[in-house]
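1. Output the structure for:
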Amino acid sequence: MIIGETERLLLRRFEQEDAPVFYHMNANPKVLEFTGDIPFESIESTEDFIANYSHYHKHEFGRWSVVLKSTNECIGWSGLRHKEGIVDVGFRFLEKHWGNGYATESANTALRIGFEDFQLANIVGRCSIHHTASANVLKKIGMKWQKQEYDQGIGAIDVYLKENKQ
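-> I've put the predicted structure just below:
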């Protein structure tokens, strides 16, 4: 199910065929360095995660697989997450696809979907204070720094905000 589209990318719901990509992406210590997450134990555990991902059912949105239109290759995920009374935007990609603007392009599309389709009042972005690449993406998509907080899994994080101007 296609949720969003850009010139180069499709955003769609997770599918079982994405499990190897998500498994290998999260097995890379560089990918998880600033997230506080742990790698999946196996491709099978990744398949279980996808099968049990309930965000679409609970909130009608969630994180979405990002697919290159030119090759139909899943390269990571991007999208929205409802957690603890807020909605945040997030993104994660295979390392070989870093530096191509996919995070900015997909996160900007996720914001548009959140504001236009779901009429969200605001969306936050959160990242480790040491993760300058993610902070740069959040700034590029128009988010404004709000405050610094502590996250038990990550440590000190910067919180950014974008409000719905509609």
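
2. how about the strands in this structure?
-> 2-5, 9-12, 63-68, 74-83, 86-93, 122-128, 144-151, 155-163 (DSSP state E).

3. chain center to the fifth one: distance?
-> Right, the one you point to is strand 86-93. Relative to its parent chain, strand 86-93 has a centroid offset of 4 Å by C-alpha atoms, centre = their mean, to the nearest Å.

4. which one of the strands of the chain is the most hemmed in?
-> Of all these, strand 63-68 has the most neighbours on average by mean count of other C-beta atoms under 10 Å, namely a mean of 24. Every residue, glycine included, has its C-beta placed from N, CA and C.

5. Any chance of TSV for the strands of the chain, columns distance to Gly99?
-> Below are the strands of the chain laid out as TSV (distance: least, C-beta to C-beta, whole Å):
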stretch	distance to Gly99
strand 2-5	22
strand 9-12	15
strand 63-68	15
strand 74-83	12
strand 86-93	10
strand 122-128	17
strand 144-151	23
strand 155-163	21
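
6. To Asn136, which of these lies closest?
-> Comparison of these against Asn136 by C-beta to C-beta identifies strand 122-128 as nearest, at 9.6 Å.

7. Poorly predicted segments of this protein, please.
-> 166 (pLDDT under 70).

8. the longest helix in it is where?
-> helix 102-112 (DSSP state H).

9. between that one and strand 63-68, how big is the angle?
-> Interaxial angle, helix 102-112 versus strand 63-68 (axes from the mean of the first three to the mean of the last three C-alpha atoms, to 10 degrees): 130 degrees.

10. before we move on, back to that, looking at the strands of the chain, which is nearest to Ile43?
-> The nearest among the strands of the chain, by C-beta to C-beta, is strand 74-83 at 13.6 Å.

11. what's in contact with that closest one?
-> 3, 11, 14, 17-18, 21-22, 25, 55, 58-59, 61-68, 87-94, 97, 102-103, 106-107, 109-110, 113-114, 118, 120, 123 (C-beta atoms under 8 Å, 6 or more residues apart in numbering).

12. Output it as CSV, nothing but the C-alphas.
-> Extracted in CSV, the C-alpha atoms of strand 74-83 (Å, rounded to 0.1, in the frame of the first residue of the first chain):
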residue,chain,number,x,y,z
CYS,A,74,13.7,-1.1,-0.2
ILE,A,75,16.5,1.1,1.3
GLY,A,76,15.2,1.7,4.8
TRP,A,77,12.3,3.4,6.6
SER,A,78,10.9,6.8,7.3
GLY,A,79,7.7,8.1,8.8
LEU,A,80,5.7,8.9,11.9
ARG,A,81,5.3,7.3,15.3
HIS,A,82,2.9,8.1,18.1
LYS,A,83,4.6,7.7,21.4
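
13. I'm done for today, thanks for sticking with me.
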